[in-house]
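Engineer: got a sequence here, can you build the structure:
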Amino acid sequence: MEHTIEQIQNDIMSRMQQFDFTDQALILRELENFCGQQADETMKLEYDLAAMEDMRDE
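Structural biologist: Got it, this is the predicted structure:
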């Protein structure tokens, strides 16, 4: 998993080189927001699936 994360980070940073620093900062902030939202949604889905499994077991 660590290797995958490093590859994604390297890919993002290599793509960022075509933009000036102001645009890079804006893009990175937008990615930060996007990734946070995606992580929240993923955790919610995991919680919802676990709750559904618990209901089936009862």
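Engineer: mean confidence for the lengthiest helix in the chain?
Structural biologist: Looking across the chain with DSSP state H, the single longest helix is helix 21-57. For helix 21-57, the mean per-residue pLDDT is 89.
Engineer: what helices or strands is that helix leaning on?
Structural biologist: The contact analysis (3 or more Cβ pairs under 8 Å, 6 or more residues apart in numbering; DSSP states H and E) places helix 21-57 against helix 2-16. In this view, the C-beta of every residue, glycine as well, is placed from N, C-alpha and C.
Engineer: dihedrals phi and psi, residue 19?
Structural biologist: Dihedral pair for residue 19: phi -110, psi 150, per degrees, to the nearest 10.
Engineer: again with residue 20
Structural biologist: When read as degrees, to the nearest 10, the backbone of residue 20 gives phi -80, psi 170.
Engineer: convert stretch 18-26 to PDB, retaining C-alpha atoms only.
Structural biologist: Taking C-alpha atoms only, stretch 18-26 is exported to PDB below (Å, rounded to 0.1, in the frame of the first residue of the first chain):
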ATOM      1  CA  GLN A  18       3.500  22.300 -15.800                       C
ATOM      2  CA  PHE A  19       1.700  24.900 -13.600                       C
ATOM      3  CA  ASP A  20       3.000  28.000 -11.800                       C
ATOM      4  CA  PHE A  21       3.200  28.000  -8.000                       C
ATOM      5  CA  THR A  22      -0.100  29.800  -7.500                       C
ATOM      6  CA  ASP A  23      -2.000  27.200  -9.600                       C
ATOM      7  CA  GLN A  24      -0.100  24.400  -7.900                       C
ATOM      8  CA  ALA A  25      -1.300  25.600  -4.500                       C
ATOM      9  CA  LEU A  26      -4.900  25.900  -5.700                       C
END
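Engineer: name the residues of stretch 16-30 that are buried.
Structural biologist: The neighbour-count check on stretch 16-30 (16 or more other Cβ atoms under 10 Å) flags nothing as buried.
Engineer: what's the spacing between it and its chain's center?
Structural biologist: Offset of stretch 16-30 from its chain centre (Cα atoms, centre = their mean, to the nearest Å): 17 Å.
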